[in-house]
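Chemist: Predicted model follows, preceded by the sequence.
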Amino acid sequence: MKRTAVNPWSWSLKFGYNQAEMIDGAKRHLVCAGQTAVDADGNPQHPGDMRSQMALALDNLEAVLTAAGMGLANVIRLTIYTTDVDEATKHFDLLGSRFGPVNVAPPMTLLGVTRLAIPPLMFEIEATAAD
């Protein structure tokens with residue numbers, strides 16, 4: 001699979017994402033459900049702690065990708081939902097620490113929502129991946 005960044009403007013790069021990516025030669029396409037800060041039994045974890053919720057949601061996303069024989073390097077699109085945009089963006093270094101080492105900056109949308117499906121949860125990350 002070949003990825004080509006499309007950035008008519010460069011401002012999004014300082015936030016760690018491309019405006020778009022052209023994907024050529026992909027064989028498999030994986031659409032992941034939103035991942036949150038829940039344990040293996042689906043119980044919410046880290047109430048009130050955005051950073052810990054984001055870290056666990058990313059761990060859970062990586063687990064789903066691994067189960068499909070992929071990794072973060074395969075992510076071609078992210079959608080993030082949060083109940084507190086300002087608090088979530090304070091911890092976006094977590095995204096950089098995960099995606100930076102694999103040299104990807106997938107196009108991303110960040111949405112503020114009133115609540116998520118399970119009320120103690122504050123952060124949800126949805127991904128599309130390909131290889």
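Modeler: Alright, I've got the coordinates.
Chemist: Next, the buried residues of stretch 49-65.
Modeler: Along stretch 49-65, the positions that meet the burial threshold by neighbour count (16 or more other CB atoms under 10 Å) are Met50, Ser52, Gln53, Met54, Ala55, Leu56, Ala57, Leu58, Asn60, Leu61, Glu62, Leu65. In this view, the C-beta of every residue, glycine as well, is placed from N, C-alpha and C.
Chemist: Show me where this structure has its helices.
Modeler: Listed from the start of the chain, the chain has helices (DSSP state H) covering 50-67, 85-90, 93-99.
Chemist: can you put those in a markdown table and add distance to Ile23 and mean pLDDT?
Modeler: Formatted as a markdown table, the helices of the chain follow (distance: least, CB to CB, whole Å; pLDDT from 0 to 100):
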| stretch | distance to Ile23 | mean pLDDT |
| --- | --- | --- |
| helix 50-67 | 16 | 98 |
| helix 85-90 | 27 | 98 |
| helix 93-99 | 16 | 96 |
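Chemist: Dump those to TSV, plus distance to Trp9.
Modeler: Shown next, in TSV, are the helices of the chain (distance: least, CB to CB, whole Å):
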stretch	distance to Trp9
helix 50-67	26
helix 85-90	19
helix 93-99	20
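Chemist: Please, where are all the strands along the protein?
Modeler: With DSSP state E, the ranges of strands along the chain come out as 2-6, 20-24, 29-31, 75-82, 108-112, 123-130.
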